[in-house]
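> Please work out how this folds:
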Amino acid sequence: MPVNAQTPVPEPHSHHDGPVHHHPHPAGRSRAARLRHRLAHALTPHSHEARDKVDHALESSREGLRALWLSLAVLGLTTVVQAAVYALSGSVALLGDTLHNAADALTAVPLGVAFLLGRRAANRRYTYGYGRAEDLAGVAIVLTIAASAVPALYAAVDRLLHPRDVAHLWAVAAAALVGFLGNECVARYRIRIGRRIGSAALVADGLHARTDGFTSLAVLLGAGGAALGWRAADPVVGLLITAAILLVLKDAAREVFRRLMDSVDPDLVAAAEAALREVPGVRGVGQLRMRWIGHALRAEADIVLDPRLTVAEGHRIAVAAEHALIHGVPRLTAATVHLDHTPEAGTADPHAALAHHA
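Numbers count the residues shown, from 1 in each chain. This is a model prediction of the structure:
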């Protein structure tokens, strides 16, 4: 039974925020499975207090910042090495790869600022906190990637129109290998940390770095073609690298757009509905909304209860429902649970007063 408005129950929802615990509550689990969960919960108790949520958020931000600054150092060194070789060789393919690596290194700056802002506590103006700064950082990353494509494209087209031999091909090949190794190391680290703390921006940045690694290998192929006497090999590879940058730009823009539009994985919604239906006393699940706030999820859920329950009993079930959501949905840190009840014969619809606002 869908629920679209509040019932006249005085504030029976819960506000128990807590850290994420990956203990799923699958639908249809047995009584023995529930007993094992309760036993494990008693032996390893944890808190859902706001203080613990803040501590968890701070730890996530620390891990993210550590990943960003290490990535910045590695990619910054890679960029310096490649820029020096470009100055010696004049390879436009290497120039495109250098610009791409520089752009990838610079994305650490807006993400770092976002992680720092995300540590700030919620207040009366920003009641959900500052986690959405990561979405703004995503916009900055998209613009940075787009900016790196322009000079790479210009240099490759100019070299096709005005051919020139590439010098120090051995150095170009070595710089290409340095670019590949640097990007692959950064990609593995960013993806691992991003998935651990639930940061889509950091995971996307890691995938971007992995793509950069393969563009560095393309520079190596260009150097091989030039060594075999194909003068157009270098600018052709430069154009291919520009195309790779544009593909990364498309994927990054799509992910940032989805996050700005509060998109979530439908599987997470299904997991949340399944977790709510497992809560004793819940007769049905109404409207369910979820959104990302930085690298944490929040939910708003309507549940249907027996109309004969007292406010205290309804609140107890609401707390249990939020607890089930925190356990059943990865990266969910808090939920607001609204209570509705099954209709009673001879009573007016409590939502009637709000019908004209629909």
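> who's in contact with the residue lying closest to V236 once chain neighbours are set aside?
Nearest residue to V236, sequence neighbours excluded (C-beta to C-beta, 6 or more residues apart in numbering): G222, at 7.2 Å. No exception for glycine: its C-beta is placed from N, CA and C like everyone else's. By C-beta atoms under 8 Å, 6 or more residues apart in numbering, the contact set of G222 is S91, A93, V172, A233, D234, V236, V237, G238.
> how many neighbours does the second one have?
Number of residues near A93 (other C-beta atoms under 10 Å) recorded here: 36.
> Distance check, it against H100.
11 Å (C-beta to C-beta, to the nearest Å).
> cool, V269 as well?
With C-beta to C-beta as the criterion, V269 and H100 are 36 Å apart.
> same question, A83
12 Å.
> now swap in P235 and tell me
P235 is 16 Å from H100, where distance means C-beta to C-beta.
> Between these two, tell me which one has more neighbours.
Shown here are P235 and H100; by other C-beta under 10 Å, H100 has more neighbours (29 against 25).
> and that one, what are its phi and psi?
phi -70, psi -40 (degrees, to the nearest 10).
> ok, it - contacts?
S148, A152, D212, T215, I241, A244, I245.
> Quick one, grab the pLDDT at D52.
Looking at D52, its pLDDT is 37.
> swap that for A167, please
On the pLDDT scale, A167 gets 77.
> did I read that right, it in a helix?
No: per DSSP: H, G, I helix; E, B strand; the rest coil, A167 lies outside any helix segment and is coil.
> Tell me, how many residues neighbour it?
12.
> and the nearest residue to T78 once chain neighbours are set aside, what does it touch?
Nearest non-adjacent residue to T78, counting by C-beta to C-beta, 6+ apart: G182, 3.6 Å away. G182 makes contact with V74, L75, L77, T78, N101, G213, according to C-beta under 8 Å, 6+ apart.
> Now do G182 against A105, distance only.
10 Å.
> Where does the prediction get shaky in this protein?
Within the chain, the stretches with pLDDT under 70 are 1-61, 200-201, 345-346, 358.
> Do a quick rundown of the strands in the protein.
Counting by DSSP state E, the chain has these strands, from start to end: 284-293, 296-305, 332-341.
> where do the helices sit along the stretch 251-358 of the chain?
Per DSSP state H, counting those that start in this stretch, the stretch 251-358 of the chain carries helices over the ranges 266-277, 311-328.
> Quick check: D212 touching L99?
No: contact between D212 and L99 fails when scored by C-beta atoms under 8 Å: they sit 10.4 Å apart.
> Of these two, which one has the most company?
D212 (28 against 24).
> Please name the nearest non-neighbouring residue to the more buried one.
N183 (4.4 Å).
> want to throw the strands of the chain into a markdown table with mean neighbour count and distance to I197?
A markdown table is the format used below for those (neighbours: other C-beta atoms under 10 Å; distance: least, C-beta to C-beta, whole Å):
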| stretch | mean neighbour count | distance to I197 |
| --- | --- | --- |
| strand 284-293 | 18 | 13 |
| strand 296-305 | 22 | 9 |
| strand 332-341 | 23 | 12 |
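> looking at those strands, which is closest to F257?
strand 284-293 (13.1 Å; C-beta to C-beta).
> how deep is L354 tucked in, by neighbour count?
By other C-beta under 10 Å, the burial measure for L354, its neighbour count, is 12.
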